[in-house]
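Asker: any chance you could fold what I've pasted below:
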Amino acid sequence: MYDYIIVGGGSAGSVLAGRLTEDPTIRVALLEAGPADKSVLIHCPAGLALMAKYELNGWGYHTVPQPGLNGRRGYQPRGKVLGGSSSINAMVYARGHARDYDGWAAQGNPGWSFADVLPYFKRSEHNERGADALHGQGGPLNVMDLRSPNPFLPAYIEAGQQAGYRHNPDFNGPEQEGVGAYQVTHKNGERWSAAKGYLTPHLGRTNLTVITQALTTRVLTQIQDGQPQATGVEYRAEGGRGDLQALQLKPGGEVVVSAGAFGSPQLLMLSGIGPAEHLRSHGIGVVHDLPGVGENLHDHPDVVIVVNAPKVTDLFGLSATGTLALLRGIFEWRRARSGMLTTNFAEGGGFIKSSPDEAIPDLQWHFVVGKLVDHGRKTVLGHGYSCHVCLLRPKSRGTLRLASADPQVAPLIDPAFLQDPDDMARMVRGFKLTRQMLQQDALARHGGIESKASASAKSDAQIEQFIRNHADTIYHPVGTCRMGNDALAVVDAELRVHGMSGLRVVDASVMPQVVGGNTNAPVIMMAEKAVDMIRAARQATQAVPATRAPVLETTA
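Answerer: Next up, the predicted model:
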């Protein structure tokens, strides 16, 4: 019997488990479908290249064919390991724009304005630059400047300035706009995932049970006072191959689903919580008709311009020079946790406006010293550099649906990329601005030549076709269990599932709209805030003696 059962040991789940068990009277179980985060590829920052190439430590998801991408299926890597996607991502620490959170609050979510969430960003953070009005120290999430940045990175920053953008040393400071180097979630030359910050130091706590290789198959429910109530979960050990087992909640306890933008709505629907007709079509009994589950899926669409530059040494290109540099890097990282293997690849970036009329940046750059093709999954000859441009606030909205009632079958992922014409118009403008930046003298003097795939795209129509043929995700899916108070909202502002008790969702799926930046830091912030909500609810429950009515078990 547990006070809290957390489904998903990713960014949100690690925060929740670590924080809630600070109280020794609270007993918590954390279920993670993947293994423990023991691989050196996780802890060595540059290991992300091999994890991406071979789809390691992830679910191996792909989208359904996307009409906006000329029928292609997109790649959707999500972490399946302790730490979740924070164990396989590019480690960029970015919060988004303050107006993103003010927008959440304006949509009927009190307590989520930037002024409300800033204390939780600061609580989570240990910024090695020091604390100030916008940054914290002493938190579990280590944030730092790259230990050994690529020597070529300053050329990108100079090119950005030559293109008319200011140098911004802190994208999480007073102003987001500009170009510069990203801060990263590293510590001492290693990846610093949410698991390493919040969970691993506390695995010895007697009130914390962590079960890895445990595929949660459904949330158990009963009817209490006329409405469904979560009472526990069922799971299969050995990553879904073992026996079916169950964990039960104590009276007044909660199940917290933190399985991500794909896993959380999938689990709710497998549990009979979601659009009734869709559930019945898969033979799933309806526990709670909640039509918004799986709606509002959206993500940052992204396209990359690749430049061939033989004199630029990077980790991606195959060559004698590159192989020698890699071997030196391996020895240096093993010896001193420094050198080129401390790279997060997306070392530099920027936030820019597709038009001067925009009030805040609507595009983001990720500058990579390397020829990044197909998420790094394709081996390329020679050396060079790349620049991603992604749309920060897409209007297109898609869905997450079940493909089967079998929990081991991947869901149907449809982010509806570039469905809205405004998204494409902004992407075309962003492509042209990116090309303009890459042609500045600071980069051009190194003899780089734009790859043939994009160089032939000159007119807007040709650029549009290049984007449709090459764009994909930048790994920020959100929104499928949207927070709000309307008919299609799944959770309220306290992240409680509407119309149920004992059940919350805490992860990127509850974002009403994706933030204008990378999503890992915001998810960690949201989990920190959820901890306070859960603690407050527990205190309120303990202050009033509870009475339990007779219950009726559901059969779903």
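
Asker: pass me the low-pLDDT residue ranges in the stretch 351-500 of the chain, would you?
Answerer: Within the stretch 351-500 of the chain, no range satisfies pLDDT under 70.

Asker: in the stretch 451-556 of the chain, which spans are helices?
Answerer: Assigned by DSSP state H, counting those that start in this stretch, the helices in the stretch 451-556 of the chain fall at 452-455, 460-470, 520-543.

Asker: in a markdown table, list the ones you listed along with distance to residue 387 and mean neighbour count.
Answerer: In this view, the C-beta of every residue, glycine as well, is placed from N, C-alpha and C. Formatted as a markdown table, the helices of the stretch 451-556 of the chain follow (distance: least, C-beta to C-beta, whole Å; neighbours: other C-beta atoms under 10 Å):
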| stretch | distance to residue 387 | mean neighbour count |
| --- | --- | --- |
| helix 452-455 | 11 | 15 |
| helix 460-470 | 13 | 17 |
| helix 520-543 | 21 | 20 |
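
Asker: in JSON lines, list the ones you listed along with distance to residue 100.
Answerer: Below are those laid out as JSON lines (distance: least, C-beta to C-beta, whole Å):
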{"stretch": "helix 452-455", "distance to residue 100": "30"}
{"stretch": "helix 460-470", "distance to residue 100": "24"}
{"stretch": "helix 520-543", "distance to residue 100": "8"}
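
Asker: and of those, who's closest to residue 427?
Answerer: helix 460-470 (5.4 Å; C-beta to C-beta).

Asker: okay, the closest one in CSV with CA atoms only?
Answerer: Output of helix 460-470 as CSV, limited to C-alpha atoms (Å, rounded to 0.1, in the frame of the first residue of the first chain):
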residue,chain,number,x,y,z
ASP,A,460,9.5,30.2,-51.8
ALA,A,461,7.7,27.2,-53.5
GLN,A,462,11.0,25.3,-53.7
ILE,A,463,11.8,26.1,-50.1
GLU,A,464,8.4,24.8,-49.1
GLN,A,465,9.0,21.5,-50.9
PHE,A,466,12.4,21.2,-49.3
ILE,A,467,10.8,21.7,-45.9
ARG,A,468,8.0,19.2,-46.6
ASN,A,469,10.7,16.7,-47.7
HIS,A,470,13.1,17.1,-44.8
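
Asker: tell me what that helix is packed against?
Answerer: Counting contacts by 3 or more C-beta pairs under 8 Å, 6 or more residues apart in numbering; DSSP states H and E, helix 460-470 packs against strand 301-308, helix 421-438, helix 452-455.

Asker: so of the ones you listed, which one's packed in deepest?
Answerer: Of the helices and strands packed on helix 460-470, the one with the most neighbours on average (mean count of other C-beta atoms under 10 Å) is strand 301-308, at a mean of 24.

Asker: coming back round to it: any chance of the helices and strands packed on helix 460-470 in JSON lines, with distance to residue 211 too?
Answerer: Shown next, in JSON lines, are the helices and strands packed on helix 460-470 (distance: least, C-beta to C-beta, whole Å):
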{"stretch": "strand 301-308", "distance to residue 211": "35"}
{"stretch": "helix 421-438", "distance to residue 211": "41"}
{"stretch": "helix 452-455", "distance to residue 211": "46"}
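
Asker: nearest to residue 64, of the ones you listed?
Answerer: Of the helices and strands packed on helix 460-470, nearest to residue 64 by C-beta to C-beta is strand 301-308, at 15.5 Å.

Asker: sheet partners, orientation included, of the closest one?
Answerer: Strand pairing for strand 301-308, using DSSP bridges, gives strand 384-391 (antiparallel), strand 449-450 (antiparallel), strand 472-473 (antiparallel).

Asker: can you check what angle separates it from helix 421-438?
Answerer: Counting by axes from the mean of the first three to the mean of the last three C-alpha atoms, to 10 degrees, strand 301-308 lies at 20 degrees to helix 421-438.

Asker: where does strand 301-308 sit relative to the chain's centre, distance-wise?
Answerer: Centroid separation for strand 301-308 versus its chain: 21 Å, with C-alpha atoms, centre = their mean, to the nearest Å.

Asker: so which bits of whichever helix or strand comes after that strand are buried?
Answerer: Heading C-terminal from strand 301-308, the first helix or strand you meet, by DSSP states H and E, is helix 320-336. Using 16 or more other C-beta atoms under 10 Å as the test for burial, helix 320-336 gives 322, 325, 329, 332, 333.

Asker: same question for stretch 338-349.
Answerer: Those would be 339, 340, 341, 342, 343, 344, 345, 346, 347, 348, 349, for stretch 338-349 by 16+ other C-beta under 10 Å.

Asker: make JSON lines from those residues and add distance to residue 414 to it.
Answerer: As requested, those are exported to JSON lines (distance: C-beta to C-beta, whole Å):
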{"residue": "339", "distance to residue 414": "42"}
{"residue": "340", "distance to residue 414": "38"}
{"residue": "341", "distance to residue 414": "37"}
{"residue": "342", "distance to residue 414": "37"}
{"residue": "343", "distance to residue 414": "33"}
{"residue": "344", "distance to residue 414": "30"}
{"residue": "345", "distance to residue 414": "28"}
{"residue": "346", "distance to residue 414": "26"}
{"residue": "347", "distance to residue 414": "32"}
{"residue": "348", "distance to residue 414": "32"}
{"residue": "349", "distance to residue 414": "28"}
